[in-house]
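Undergrad: Need coordinates for the below:
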Amino acid sequence: MLLTPLTFIDTGRLQLRSRSPRRTARRREGERVSMDLEVRSNEENGYLSIRVVGQYSLSESRDLIHRVKEESKNSGYQNVLLDTTGVAGPIPHLDLFELGVHCAEVWKAAFRVAIISRPGGIGKFFEDVAENRGARVLVAADEEAAIQWLDGHHRK
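TA: Numbering: from 1, shown residues only. Sure, this is the predicted structure:
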């Protein structure tokens, strides 16, 4: 069993550090990172719709969380429909936890995000992790359920 070293960050918070370059690369404030995921957004009636297509990776997904925040902020919408059904590849359970924590840290309770996910993609575990940390998130299997959840919370 290989143990990942633990380090204390300046904030005094304990973080896991991986030796993998993909996982140790961190996004700096304001930095634009090229993405292998194709992201398309458009304004719908009462919410911002973002569709994502490409191969899953943790670093790309972390960047996507920042991109969703930027798109929402720039458009002025507090409700976001994020369609991830076009993202291919398995998502490890540990990644779902890390993404849920990261989502809550970045999105906080500033806006609501309904995520449409394919089977084996982002699931209720991610939703629980994010919600338990203050994010307002719903993970649904179909667009109708996601839009219905957003419909009760229209705000621009």
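Undergrad: check which helix or strand covers the residue nearest in space to the middle of the chain.
TA: Geometric centre of the chain, nearest residue: residue 65, 4.0 Å, by CA atoms, centre = their mean. Per DSSP states H and E, residue 65 falls inside helix 58-75.
Undergrad: Tell me the buried residues in that helix?
TA: Neighbour-count burial for helix 58-75, counted by 16 or more other CB atoms under 10 Å, picks out 58-69, 71-72, 75. The C-beta positions use only the backbone N, C-alpha and C, and glycine is treated the same way.
Undergrad: Tell me which other helices or strands the next helix or strand after it touches.
TA: As assigned by DSSP H and E, the chain's next helix or strand after helix 58-75 is strand 79-88. Under the contact criterion of 3 or more CB pairs under 8 Å, 6 or more residues apart in numbering; DSSP states H and E, strand 79-88 touches strand 48-55, helix 58-75, strand 112-116, helix 143-151.
Undergrad: ok, the residue nearest to residue 112 when sequence neighbours are not counted - how many residues close by?
TA: Using CB to CB, 6 or more residues apart in numbering and skipping the chain neighbours, the partner closest in space to residue 112 is residue 136 (4.4 Å). Residue 136 is flanked by 18 other residues according to other CB atoms under 10 Å.
Undergrad: what's the farthest-apart pair in the buried residues of helix 58-75?
TA: Greatest spatial distance among those (CB to CB): 58 and 75, at 26.2 Å.
Undergrad: average pLDDT across stretch 64-80?
TA: Mean per-residue pLDDT for stretch 64-80: 93.
Undergrad: Number the residues from 24 up from this point.
TA: All set: I'll call the first residue 24, so the last point we hit is now stretch 87-103.
Undergrad: and it, how far out from the chain's middle?
TA: With CA atoms, centre = their mean, to the nearest Å as the basis, stretch 87-103 stands 11 Å off its chain's centre.
Undergrad: cool, and stretch 125-139?
TA: Worked out by CA atoms, centre = their mean, stretch 125-139 lies 7 Å from the chain centre.
Undergrad: How about stretch 82-95?
TA: On CA atoms, centre = their mean, the centre of stretch 82-95 falls 6 Å from that of its chain.
Undergrad: Cool, thanks, talk later.
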